[in-house]
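Visitor: Here is a sequence with its predicted model. Questions after.
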Amino acid sequence: MKNIYLISYVLISFLFANISFGHCQVPCGVYTDDLRFMQMLEDQTTIEKSSKLILELSSKVDGQSKNQLARWVATKESHASKIQKIIAEYFLTQRIKSTAKNYEKLLKGAHSVMVAAMKCKQSTEASAANNLKTSILTFQKIYESK
């Protein structure tokens, strides 16, 4: 009897786990492309703010500043990774079709965003965050013209 409850619990857990995640690559037909672009732009803004604060905090020597510095570095990395994940798992896997008339432009645009996000991980320069924003907006323009 305990095994039946355990199996039922596990099955129900898996069912609700799949519901709680956004797009699990099941063709449900519920897509919000604009939301993905808004999320990437929000992540870019966080990267931009993180980079500024990292530069400010890096000259300070007190423990609190060092702690905040580490947290902002982790935040910058996390948001750049989120952008790369959206491009890879949402656009490249689910939305960009090889039959699209501008397939090559879409791939190049998506690749540009991923590389720009990588550059943001490697740098605190304002130009890296600006290039990321430009890449996202350029990709959005290409994507919307499909």
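Guide: Structure's in. What do you need?

Visitor: Buried by neighbour count: which residues of the helix or strand hosting Met38 qualify?
Guide: Taking DSSP states H and E as the definition, Met38 sits inside helix 33-57. Going by neighbour count (16 or more other CB atoms under 10 Å), the buried part of helix 33-57 is 36-37, 39-41, 43-44, 46-48, 50-51, 53-54, 57. Yep, even glycine has a C-beta here, placed from its N, CA and C like the rest.

Visitor: shaky segments in the chain?
Guide: Along the chain, the model assigns pLDDT under 70 to residues 1-29, 146.

Visitor: What segments of it are helices?
Guide: Using DSSP state H, the helices of the chain run over 2-20, 33-57, 63-85, 103-122, 126-144.

Visitor: out of the ones you listed, nearest to Gln94?
Guide: Nearest to Gln94, of all the helices of the chain, is helix 33-57, at 10.3 Å by CB to CB.

Visitor: Show residues contacting that closest one.
Guide: In this structure, residues lying in contact with helix 33-57 by CB atoms under 8 Å, 6 or more residues apart in numbering are 65-66, 68-69, 72-73, 75-76, 79-80, 82-83, 86-87, 90-91, 95, 113, 120, 123-126, 128-130, 132-133, 136-137, 140, 143.
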